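**Q** need the 3D shape of this:
(2 chains)
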2 protein chains.
Amino acid sequence: MTQQLVLDERDAPAWTEETDVIVVGLGCAGAATALEASAAGAETLVLERASGGGGTSALSGGVLYLGGGTAVQQGAGFEDSAEAMFQYLMAACGPAPDEAKAAAYSEESVAHFDWFVAQGLDFSPVFYPHYSGEPPTDDGLVFSGSEGAWPYVEIAKPAPRGHCPKIPGAAGGLLMQKLCAAVATSPARVVTDARCDALIRASDGTIQGLVARVDGATRSIRARGGVVLTTGGFIHNDTMLDLHAPELRRCNIRVGAEGDDGSGIQMGNAAGAATLNMGMGSISLPIHPPKSVSRGVLVNGQGQRFVNEDRYMGLLGEQVLYHQDGTAFLLFDDANFERPAMPRDLLAVGETWDEVGQELGLPPGALEATMRLYNDAAKHEQDPAFHKRPPYVVPLDQPPFGALDCRVESSPFAAFTLGGLHTNEWGEVLTPAGEPLPGLYGAGRATSGLAAPGYSSGLSLGDGSFFGRRAGRRAAEQRRS
Amino acid sequence: MTQQLVLDERDAPAWTEETDVIVVGLGCAGAATALEASAAGAETLVLERASGGGGTSALSGGVLYLGGGTAVQQGAGFEDSAEAMFQYLMAACGPAPDEAKAAAYSEESVAHFDWFVAQGLDFSPVFYPHYSGEPPTDDGLVFSGSEGAWPYVEIAKPAPRGHCPKIPGAAGGLLMQKLCAAVATSPARVVTDARCDALIRASDGTIQGLVARVDGATRSIRARGGVVLTTGGFIHNDTMLDLHAPELRRCNIRVGAEGDDGSGIQMGNAAGAATLNMGMGSISLPIHPPKSVSRGVLVNGQGQRFVNEDRYMGLLGEQVLYHQDGTAFLLFDDANFERPAMPRDLLAVGETWDEVGQELGLPPGALEATMRLYNDAAKHEQDPAFHKRPPYVVPLDQPPFGALDCRVESSPFAAFTLGGLHTNEWGEVLTPAGEPLPGLYGAGRATSGLAAPGYSSGLSLGDGSFFGRRAGRRAAEQRRS
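**A** Sure thing, here's the model as predicted:
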């Protein structure tokens, strides 16, 4: 092998140092892992490839998907329960959600929120009444999923669960500033500009440590408890995208820090770990905010509706990219025209829907047929096909009519990968037979998390930190002398 | 690890025997591998878990997807070229087909056909004019893909490429009888009732051999050239399906011999191989033959059309299961009603399309709108939405109207898995970094092949045998003393 991602301990350089737990990567998952491992008394070393911590988490909107009745939910006047949160996650997170992860995450969500507060984060108990992965205010609570939209609203009692640290705009920077500060004052040691090249394995398959390059020197570091990979996804690795998630290459906004090149996934996989959901991504089609844009109608390349437009942008993006071949148009009449906050080109205008359809190159008559059916029911505030909520179900029958671009190649689509190493609910990396791979742990987008597909904003920071903490604890418990 | 799928050579039982090439599994891919490895002068051992060879291949329709101008194509009066075959495969086989595999397979397809003839197989140069994965006659050539349907017909010159050995009905049994007979007369040695438990690995990662159980005894067999995994897919492993391909569990016909439990995929993965397309399957929705069923109209759970009905059943099944949530209905009017060869329940009958739609529980007015649009264009033999071919584009306007069941839970859907170990065009199993994993090879449905998705019948027997032969040759070349 030209590039050895895993070395037998007999062939590896002699140990230059040792510790209890090695955490690879200092994003939200890595920071949470390090804090918990060192709090559990384990000597903890964090290796970060960049010259400082933060990673993709620091570039994010900083929303944490949490619920079950947090102080912020209560303060803002919302009732929630672990049960409702679990039901929503099981309904929304794809055809085969990880029940054990969803249950643990829901049951301990209030405690996980409190943990963030204990790390110095402040959340304003004020509800921001728009869909958003990134509220422009310092309000602390948003709907960052499709809880209020059909069919989820009929399955689980809806509550907003997007928790945003108190700062206007993208809060990921603040989040990581606080978490990195907490790590800095913890006993955990952080080494930056440290690139992990290979895992070191014993003959029985146990991961013993790793080889890293620090300041041009090769270090061979033994981990008595385990190695925790929190290295992020692979949105910046074109070869991996082509192989595993080719649809994501069509998206024009790639969400991720430079380090999201899949290195940790490859190392874990080379060491014998299974991967999961490698084809899945979070794909956002941001037509909201404002929420009133939901009064528009989305059609595909055949001029057909395919979704209730009041779903969250994560579910809309998945629908368009995976199921409508990346093509959609957002239709309005004159009375309801509304520009989404994130600009989209006006592709066609006409006095009739046929004119608009013709300009868009849709099959003759298709748009007219679609809008006649929609408007007939909308007059009675009904949407029998997709059950959009009444405030947004209004006839679009006042010309002129227009269509905004929602095609993946020519309008904003934001993507990052959701697939990665297969882990259990304790953050243990699993073999293809479903057994823990001794000595190897993972969290964050280096692993397959709660949503794949079925993304709600805040699930990556949320499950990364939650299962990172569990991985840190478990690795600390497993340390040998 | 409770179940060790890979052992370090220091921890493995002492070698009880050695050979050049070990082939695990004796289906079509395994037989082809063994024949080629032994023809190349390598001492070859085939381990088959069942009490005889054949595997899933023997249960199949026996169709081989081959082209480029074979003797059968020429004899039946069809022109084809490697270029046209390559163009079709690149267009049909999903969003990111393996170009190197598609090129090799197309360029050497005529020679591969001749190789089958040399193994004693006889093909009648007669065209069977219906779509079928399993012609009921002994005709030798069928359209087993969507070559003549839009959009492929505009991309590549169509030719039938489904080659069927000369026997009426399911020809897989005959195919494997001939191949197993060829193996029996070759120098390769076959051991049946032999279960491979683990691969044996050297400290540098090279696969050295394997541990098998034969007649209750543990054998530790060294392979000087390599181990070739041809163990089949995982359609009979519910745990793997739940994790990797949950949609396939909804299909009520699982195509595969008992051994398709993913064991080879798991061993390769545990040894550090990458997997690919694990979520993909071949999903057949057999509404043809007869081809005239294409005059019907398929609609989804919203009463909308979504595909040209003259596509091959493989592409129809994928569309319905992956993109229409497993729900479809096949509509006819009285004048064009036709029963598919594989029976489907008549779910609704009515004097108007509205009546039919109501019985099916579709949104009010949806079916009427869909059929009005369809019929208006069909009167001019046009299908502007999905470009179905003229002979099948006829107005469905003669009551009574009816709908046949094409839902995945309640009507025939046949599935097997297409994902597996990542291999290159030489049958070498690859690491996550894209490098060959020394000593490990694979072919057939233990690997990710040509189509994933975008299945045409005959691609599994075809790519399994083709890349199996290449793997056998490569492993033979690599043998050390």
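
**Q** when you work out contacts or count neighbours from here on, use the C-alpha atoms and nothing else.
**A** OK.

**Q** give me the residue from the stretch 1-150 of chain A nearest chain B.
**A** For the stretch 1-150 of chain A, the residue closest to chain B is residue A:8, as judged by Cα to the nearest Cα, at 5.4 Å.

**Q** check contacts around that residue.
**A** Residue A:8 sits next to A:200, A:201, A:202, A:203, B:203, B:204 when contact means Cα atoms under 8 Å, 6 or more residues apart in numbering or on different chains.

**Q** which of the residues you listed are buried, as a PyMOL select command?
**A** This is how PyMOL selects the buried members of the contacts of residue A:8, with burial counted by 16 or more other Cα atoms under 10 Å in any protein chain shown:
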select buried, (chain A and resi 200+201+203) or (chain B and resi 203)
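
**Q** could you redo the contacts of residue A:8 as a markdown table and give each row secondary structure, distance to residue A:113 and pLDDT?
**A** Conversion of the contacts of residue A:8 to a markdown table gives the following (DSSP: H, G, I helix; E, B strand; the rest coil; distance: Cα to Cα, whole Å; pLDDT from 0 to 100):
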| residue | secondary structure | distance to residue A:113 | pLDDT |
| --- | --- | --- | --- |
| A:200 | strand | 35 | 98 |
| A:201 | strand | 36 | 95 |
| A:202 | coil | 38 | 94 |
| A:203 | coil | 41 | 89 |
| B:203 | coil | 45 | 89 |
| B:204 | coil | 45 | 90 |
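
**Q** need the contacts of residue A:8 in JSON lines with distance to residue B:63, can you?
**A** Compiled in JSON lines, those are given as follows (distance: Cα to Cα, whole Å):
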{"residue": "A:200", "distance to residue B:63": "47"}
{"residue": "A:201", "distance to residue B:63": "45"}
{"residue": "A:202", "distance to residue B:63": "47"}
{"residue": "A:203", "distance to residue B:63": "45"}
{"residue": "B:203", "distance to residue B:63": "42"}
{"residue": "B:204", "distance to residue B:63": "41"}
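
**Q** got the phi and psi for the residue of the stretch 1-150 of chain A closest to chain B?
**A** Geometry field for residue A:8 lists phi and psi as phi -70, psi 140, criterion degrees, to the nearest 10.

**Q** circling back to that earlier point, relative to residue B:156, which of the contacts of residue A:8 is nearest.
**A** For the contacts of residue A:8, the closest approach to residue B:156 (Cα to Cα) belongs to residue B:204, at 45.7 Å.

**Q** surely that closest one touches residue A:7?
**A** Yes. In this structure residue B:204 lies within contact range of residue A:7 using Cα atoms under 8 Å: 7.1 Å.

**Q** distance from the lengthiest strand in chain A to the middle of the chain?
**A** Determined from DSSP state E, the single longest strand within chain A is strand A:217-229. Average the C-alpha atoms of strand A:217-229, do the same for its chain, and the two points are 28 Å apart (Cα atoms, centre = their mean, to the nearest Å).

**Q** name the residues that touch that strand?
**A** Strand A:217-229 is touched from outside by A:12-25, A:30, A:33, A:207-213, A:264, A:438-443, A:446, A:471-472, A:475-481, with contacts defined as Cα under 8 Å, 6+ apart.

**Q** select from the residues you listed every entry located in strands.
**A** Secondary structure defined by DSSP E assigns A:17-24, A:207-213, A:438-442 of the contacts of strand A:217-229 to strands.

**Q** the residues you listed also near chain B: which ones?
**A** Among the ones in strands among the contacts of strand A:217-229, proximity to chain B is found for residue A:438 (Cα under 8 Å from any Cα of the partner chain).

**Q** now, of the ones in strands among the contacts of strand A:217-229, which are buried?
**A** For those, a burial check counting by 16+ other Cα under 10 Å picks out A:18-24, A:207-213, A:438-442.

**Q** my guess is residue A:345 meets residue A:412, correct?
**A** No. Here residue A:345 lies out of contact with residue A:412, judged by Cα under 8 Å, at a distance of 10.1 Å.

**Q** neighbour count for those two, which is higher?
**A** For residue A:345 and residue A:412, the more surrounded residue by other Cα atoms under 10 Å in any protein chain shown is residue A:412, and the numbers stand at 20 against 12.

**Q** retrieve the pLDDT associated with the more buried one.
**A** Confidence per residue is given as pLDDT, and for residue A:412 that number is 95.

**Q** report the contact partners of it.
**A** In this structure, residue A:412 makes contact with A:251, A:252, A:253, A:285, A:286, A:342, A:344, A:406, judged by Cα under 8 Å, 6+ apart.

**Q** show me which of those is closest to chain B.
**A** The closest of those to chain B turns out to be residue A:251 (Cα to the nearest Cα; 14.0 Å).

**Q** residues near the residue nearest to the closest one when sequence neighbours are not counted, how many?
**A** For residue A:251, ignoring the flanking residues on the chain, the nearest one in space by Cα to Cα, 6 or more residues apart in numbering or on different chains is residue A:413 at 5.3 Å. Taking other Cα under 10 Å as the neighbour definition, residue A:413 ends up with a count of 27.

**Q** I figured residue A:413 hits residue A:284, correct?
**A** Yes. Under the contact definition of Cα under 8 Å, residue A:413 touches residue A:284, with a separation of 5.6 Å.

**Q** common neighbours of those two, please.
**A** Taking Cα under 8 Å, 6+ apart as the criterion, residue A:413 and residue A:284 both touch residue A:317.

**Q** and the strands in the stretch 301-450 of chain A?
**A** Chain-ordered strands for the stretch 301-450 of chain A, with DSSP state E, counting those that start in this stretch as the definition, fall at A:329-333, A:346-350, A:401-405, A:414-417, A:420-421, A:428-430, A:436-442.

**Q** spell out which residues of the stretch 351-481 of chain A are next to chain B.
**A** Near chain B, when you scan the stretch 351-481 of chain A using Cα under 8 Å from any Cα, you find A:362-366, A:369-370, A:373, A:384-385, A:431-433, A:435-438.

**Q** what segments of chain A are helices?
**A** Ranges of helices within chain A are A:28-39, A:55-59, A:71-75, A:82-92, A:99-107, A:109-118, A:152-155, A:172-185, A:238-244, A:263-270, A:313-318, A:353-360, A:366-378, A:459-477, based on DSSP state H.

**Q** dump those helices into TSV; add mean neighbour count and mean pLDDT as well.
**A** As requested, these are arranged in TSV below (neighbours: other Cα atoms under 10 Å in any protein chain shown; pLDDT from 0 to 100):
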stretch	mean neighbour count	mean pLDDT
helix A:28-39	30	98
helix A:55-59	23	93
helix A:71-75	19	98
helix A:82-92	22	98
helix A:99-107	19	98
helix A:109-118	17	98
helix A:152-155	16	97
helix A:172-185	21	96
helix A:238-244	18	97
helix A:263-270	28	98
helix A:313-318	26	95
helix A:353-360	20	98
helix A:366-378	21	97
helix A:459-477	27	98
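
**Q** what's the closest of these to residue B:321?
**A** Closest of those to residue B:321 is helix A:313-318, at 15.9 Å (criterion: Cα to Cα).
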